[in-house]
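A.B. asks: Predicted model, plus sequence, below.
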Amino acid sequence: MIEKEQKAKLEAVAELIAGAKNVVVFTGAGISAESGIPDFRSPGGIWTKFDPDDFTIDKFIKSSATRRKQWELLLMGGIMTDALPNRAHLAIAELERMEKLDCVITQNIDSLHLKAGNTPTRVLEVHGHARTAHCLGCMEMFSMEEIIQKNKGIEDIPVCGRCGGILKPDVVFFGEALPEDVFQQAIYHSIHSDLFIVVGSSLVVHPASMLPQFANDGGARMVIINHAPTPCDAMADIVVHASAGESMACVIEGLRHFFPSAETKGG
Ligand code: APR
């Protein structure tokens, strides 16, 4: 339940959005927790069940044992094709409909911003996505649906149906470069934003965690909506330590005063 003091802060966030010209929303795993996808660093999160040191591109290529673990993690962390967008994702899609969203930059690979209705060109997936995988041998591309169907939910480690090579999901592993064009766009939009809203990220993973600093250097106002404190809280104008879904629904509710047509969706 959103407390009175937080509600006042969220109304102030709505006011900032109403007055802003270039709103960038930056999301992390915390925004998808209410859709049933565990985050990484909360108590019980994915890194309490798997060892992050296993999830480097090196180990993915060199060891079939870690390859199996990585496919298992992806199943838990974002390939779940049945996960649905929650109120926070729907609120960000509503911001776009209200023409109050420049873009959403996400570290998530779960495609929930797209499922919520944001335009693909306005969703910058800086850690890639789990919709497809490529063969490292012949570069053939496969959809995750067909891989999961063919591998009966990934009991065996998926291999390329064309050449038998290693299939690598199109997500960014530790030690791997971020998609250059996407990250360059994310930097550009962060620097040119006048309001930068973080939702559900611990802001500890480089280089994505540099984006709030780019926005700050560019003179943007900053909002952080996150259960736990983050290293960027000190540079934010408004910090709300509350749930993403309830908070973002409250922000859209607050925008009704400025945009009567704003819809707040359940979820
Ligand atoms: N509402 C608001 N905040 C939440 C919620 C929620 N319902 N659930 C969790 N959080 C917060 C947690 O307190 C935490 O600070 O979301 C944050 C999620 O942080 P992480 O688990 O570290 O996820 P993220 O910041 O996206 O991690 C970045 O690290 O392991 C890599 O590639 C992985 O993209 C990921 C990157």
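C.D. replies: Thanks, I have the structure now. Predicted model only: the values in this text are computed from it and were never measured.
A.B. asks: how long is stretch 200-220 end to end?
C.D. replies: Using C-alpha to C-alpha, to the nearest Å, the end-to-end distance of stretch 200-220 comes out at 19 Å.
A.B. asks: I meant to write stretch 131-150 there.
C.D. replies: Stretch 131-150: ends 15 Å apart by C-alpha to C-alpha.
A.B. asks: and if you look at stretch 34-50?
C.D. replies: End-to-end distance for stretch 34-50, by C-alpha to C-alpha: 21 Å.
A.B. asks: Next: stretch 50-60.
C.D. replies: End-to-end distance (C-alpha to C-alpha), stretch 50-60: 14 Å.
A.B. asks: Give me the residues contacting that stretch.
C.D. replies: With C-beta atoms under 8 Å, 6 or more residues apart in numbering as the test, stretch 50-60 has contacts from 66-67, 69-70, 72-73, 166, 168, 173-176. No exception for glycine: its C-beta is placed from N, CA and C like everyone else's.
A.B. asks: from those residues, which ones fall inside strands?
C.D. replies: Among these, the ones falling in strands (DSSP state E) are residue 168.
A.B. asks: are any of the contacts of stretch 50-60 buried, and which?
C.D. replies: Those of these that meet the buried threshold are 66-67, 69-70, 73, 166, 168, 173, by 16 or more other C-beta atoms under 10 Å.
A.B. asks: ok, these vs the ligand, which is closest?
C.D. replies: Of all these, the ligand sits closest to residue 173, with 8.5 Å by C-beta to the nearest ligand atom.
A.B. asks: quick one, what contacts that closest one?
C.D. replies: 55-57, 60, 70.
A.B. asks: And the residues you listed, which is closest to the ligand?
C.D. replies: Nearest to the ligand out of the contacts of residue 173 is residue 55 (C-beta to the nearest ligand atom; 7.7 Å).
A.B. asks: burial count for that closest one?
C.D. replies: Here the number of neighbours of residue 55 (other C-beta atoms under 10 Å) works out to 21.
A.B. asks: Near the ligand, list only the ones from the contacts of residue 173.
C.D. replies: Applying C-beta under 6 Å from any ligand atom to those, one finds that nothing falls near the ligand.
A.B. asks: Let me have the residues you listed in CSV, extended by distance to residue 115 and secondary structure.
C.D. replies: Formatted as CSV, the contacts of residue 173 follow (distance: C-beta to C-beta, whole Å; DSSP: H, G, I helix; E, B strand; the rest coil):
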residue, distance to residue 115, secondary structure
55, 25, coil
56, 29, strand
57, 27, helix
60, 27, helix
70, 23, helix
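A.B. asks: mind giving me the domain ranges of the protein?
C.D. replies: 1-37+85-127+177-267, 38-77+129-171 (automatic domain parsing).
A.B. asks: For the shortest one, measure first residue to last.
C.D. replies: As for domain 38-77+129-171, its first-to-last residue distance stands at 17 Å under the measure C-alpha to C-alpha.
A.B. asks: Please shift the residue numbers so they start at 573 in all later answers.
C.D. replies: Sure, I'll start numbering at 573, so the last one becomes domain 610-649+701-743.
A.B. asks: contacting residues for the closest residue to the ligand within the stretch 623-772 of the chain?
C.D. replies: For the stretch 623-772 of the chain, the residue positioned closest to the ligand under C-beta to the nearest ligand atom is residue 679, at a distance of 3.6 Å. Applying C-beta under 8 Å, 6+ apart, we find residue 679 in contact with 599-601, 698-699, 773, 777, 780.
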